[in-house]
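Visitor: coordinates only, sequence not included:
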């Protein structure tokens, strides 16, 4: 199989990974729980592989597209948080589910959104170039949004430590290694070969993350499905309304078609795989249910993306 064939069939591979992980997690629950230890390192590997694909030399050009960046920031950090605040008011009596929903819905995706944007005929290069900005802004603003939306709830204790650890392990370290690798590839043949080999890795790394995440958490989702019911309408409503907000931002900034699709995909696609370690770092009394709420969003979102890749190119012309 060539790299192009691998990328062409990646969505099918992701769904196969999800189905296999779900079957393993349900049939071998005790063994599958050990996959939780792989979640953070698997995400770190994925981030390194994704960062290696970022055209760092073209980053200034991508970030120099001010209207695109303004629309991206407007929809993800103003419009979407307002939607999330309104949509989650019915969850205040379910603190574990509320914190899980807030973690996942307030953070724009920085990994497979690039894939879906490409399939949906958006400008995936601009989306990829904007990844570091989205990461930095969401990690700065997420604690602020949580403090505001959780209010005076004494049942939810949020520590800054998981955020710092996630930022260092999942973002800073992979980003630094990727930059050093990209720089070294120009001067060293062996580093260049290493860099080229990692061009194959985003798809397998994403599949590995899905296996680790779904396999380790699916039993909790199934076991607590009745307790997760209140959050499902929230996720469905988000999947319907978030693309509208993204498109509105793009129209407001008068973006061309491909860029408008990119902003729309970004507004609707969330960072569930990266925030899962944050949910798992919550206090013991809400950790499992909050993580299950995050995984539930992932499962709904993967189905929604199949609709987006067909509908958004047809609707945004």
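Guide: Nice, I can see it. Keep in mind the model is a prediction, meaning the values are calculated, not measured.

Visitor: ok, longest helix in this structure?
Guide: helix 284-315 (DSSP state H).

Visitor: give me the distance from that one to the chain's centre.
Guide: 10 Å (C-alpha atoms, centre = their mean, to the nearest Å).

Visitor: quick one: buried residues of it?
Guide: Buried residues in helix 284-315, counted by 16 or more other C-beta atoms under 10 Å: 286-302, 304-305, 308-309, 312-313. For glycine as for every other residue, the C-beta is placed from the backbone atoms N, C-alpha and C.

Visitor: ditto for stretch 261-271
Guide: Neighbour-count burial for stretch 261-271 [16+ other C-beta under 10 Å]: 261-271.

Visitor: go on, stretch 12-23?
Guide: Under the neighbour-count rule (16+ other C-beta under 10 Å), stretch 12-23 has 13-14, 17-18, 21-22 buried.

Visitor: so where do the helices sit in the stretch 101-250 of the chain?
Guide: For the stretch 101-250 of the chain, helices defined by DSSP state H, counting those that start in this stretch occupy the ranges 112-119, 124-129, 131-150, 160-166, 173-184, 189-198, 202-223, 225-228, 232-252.

Visitor: quick one: average pLDDT of the fourth one?
Guide: Right, the one you point to is helix 160-166. When pLDDT is averaged along helix 160-166, the result is 68.

Visitor: report the helix or strand with the lowest average pLDDT across the chain.
Guide: The least trusted helix or strand in the chain, going by mean pLDDT, DSSP states H and E, turns out to be helix 59-63, with a mean of 62.

Visitor: immediately after that one, which helix or strand?
Guide: Once the chain leaves helix 59-63, the next helix or strand it forms, by DSSP states H and E, is helix 66-74.

Visitor: what's the first helix or strand after that next one?
Guide: helix 80-87.

Visitor: for that next one, packing partners?
Guide: Judged by 3 or more C-beta pairs under 8 Å, 6 or more residues apart in numbering; DSSP states H and E, helix 80-87 is in contact with helix 95-105, helix 131-150, helix 232-252.

Visitor: most tightly packed of those helices?
Guide: Among the helices and strands packed on helix 80-87, helix 95-105 has the highest mean neighbour count (mean count of other C-beta atoms under 10 Å), at a mean of 27.

Visitor: quick one, that one and helix 80-87 angle?
Guide: Counting by axes from the mean of the first three to the mean of the last three C-alpha atoms, to 10 degrees, helix 95-105 points 160 degrees away from the direction of helix 80-87.

Visitor: contact partners of helix 95-105?
Guide: 80, 84, 87-88, 91-92, 142, 145-146, 149-150, 153, 155-156, 158, 227-228, 230-231, 234-235, 238, 270-272, 275, 278-279, 282, 285-286, 289-294, 297-298 (C-beta atoms under 8 Å, 6 or more residues apart in numbering).

Visitor: could you rerun that using 7 Å?
Guide: By C-beta atoms under 7 Å, 6 or more residues apart in numbering, the residues outside helix 95-105 that reach it are 84, 88, 91-92, 146, 149, 153, 155-156, 228, 230-231, 234, 238, 270, 272, 275, 278-279, 282, 286, 289-291, 293-294, 297.

Visitor: and it, how far out from the chain's middle?
Guide: Worked out by C-alpha atoms, centre = their mean, helix 95-105 lies 14 Å from the chain centre.

Visitor: just the pLDDT for the nearest residue to residue 275 once chain neighbours are set aside.
Guide: Spatial nearest neighbour of residue 275, excluding adjacent residues (C-beta to C-beta, 6 or more residues apart in numbering): residue 103 at 4.6 Å. Predicted confidence (pLDDT) for residue 103: 93.

Visitor: could you do residue 126 as well?
Guide: Residue 126 carries a pLDDT value of 87.

Visitor: that one and residue 300, how far apart?
Guide: 26 Å (C-beta to C-beta, to the nearest Å).

Visitor: where does pLDDT dip in this protein?
Guide: Scanning the chain for pLDDT under 70 picks out 55-63, 152-160, 162-163.

Visitor: returning to that earlier point: the longest helix of the chain vs helix 232-252, what angle?
Guide: 40 degrees.

Visitor: mind giving me the packing neighbours of helix 284-315?
Guide: helix 95-105, helix 112-119, helix 202-223, helix 225-228, helix 232-252, helix 257-268, helix 272-280 (3 or more C-beta pairs under 7 Å, 6 or more residues apart in numbering; DSSP states H and E).

Visitor: and the ones you listed: which comes nearest residue 171?
Guide: Nearest to residue 171 among the helices and strands packed on helix 284-315 is helix 272-280 (8.3 Å), distances taken as C-beta to C-beta.

Visitor: tell me how far residue 21 lies from residue 44.
Guide: As judged by C-beta to C-beta, residue 21 and residue 44 stand 19 Å apart.

Visitor: got it, and residue 251?
Guide: Using C-beta to C-beta, residue 251 is found at 37 Å from residue 44.

Visitor: leaving out sequence neighbours, find the closest residue to the residue most central in space within the chain.
Guide: Taking C-alpha atoms, centre = their mean, the centroid of the chain lies closest to residue 271, which sits 2.2 Å from it. Once flanking residues are discounted, residue 271 sits nearest to residue 107: 3.7 Å by C-beta to C-beta, 6+ apart.
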